[in-house]
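[1] with the input below, show me the fold.
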Amino acid sequence: MEYKIETNDADARVVFTGDITFSENVSFRQLLKDLSEKHITNCVFDLSDVGMIDSAGLGMFLIAKEQADTGNWKLSVTGAHGHVASMLKLTKLSDLLQA
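    The predicted model follows:
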C-alpha cells in the first residue's frame with residue numbers, strides 16, 4: 001500500500017495504491033497521524049487503485065472512522081470496485097463510510 005494525501009483548505013483526499021492488508025498497519029497509523037495534524041473537516045479515501053483489502057484493512061478503516069468521529073471530521077470512501085467493493089458491502093462498511 002502506498003498513499004498520497006491531497007489537501008485543499010480543510011478537505012483532504014487520500015489516494016491509495018496497492019493492497020490494504022495487515023502488513024500495512026504501521027503505514028496506515030502514520031496516515032492517520034498525518035491527517036490529524038492537518039486539522040481537516042472532510043476526508044475522502046480514494047480506493048480506485050486498490051485491488052485487495054483483508055480483514056485487518058477493514059479494521060483499519062474502522063479505526064479511521066473512530067478517529068474521524070472523535071476529531072469532528074467526516075470520512076467517506078470512493079472508487080471501490082471488485083473485491084474491495086464486495087468486502088465493504090459485505091461488512092456494511094460501505095454504509096458506515098458513506099461509500
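[2] now the residue nearest the centre of the chain: closest residue in space, sequence neighbours ignored.
    Closest to where the C-alpha atoms of the chain average out (Cα atoms, centre = their mean) is F45, at 4.4 Å. In space, and not counting its chain neighbours, F45 is closest to V77: 4.6 Å by Cβ to Cβ, 6 or more residues apart in numbering. Glycine gets a C-beta too; all of them are placed from N, C-alpha and C.
[3] helix or strand next in line after the helix or strand containing the one you found, which one?
    In the assignment (DSSP states H and E), V77 maps to strand 74-78. Remark: after strand 74-78, the chain's next helix or strand is helix 82-90, criterion DSSP H and E.
[4] that following helix packs against which elements?
    helix 93-96 (3 or more Cβ pairs under 8 Å, 6 or more residues apart in numbering; DSSP states H and E).
[5] now do the buried residues in the helix or strand of the chain with the lowest mean pLDDT.
    Among the helical and strand segments of the chain, the one scoring lowest on mean pLDDT, DSSP states H and E is helix 93-96, with a mean of 90. For helix 93-96, burial by neighbour count (16 or more other Cβ atoms under 10 Å) applies to L93, S94.
[6] contacts for it, please.
    Counting by Cβ atoms under 8 Å, 6 or more residues apart in numbering, the neighbours of helix 93-96 from elsewhere in the structure are L58, F61, L62, K65, V77, A80, A85, M87, L88, A99.
[7] how about 7 Å then?
    Contact with helix 93-96 is made by L58, F61, K65, L88, as judged by Cβ atoms under 7 Å, 6 or more residues apart in numbering.
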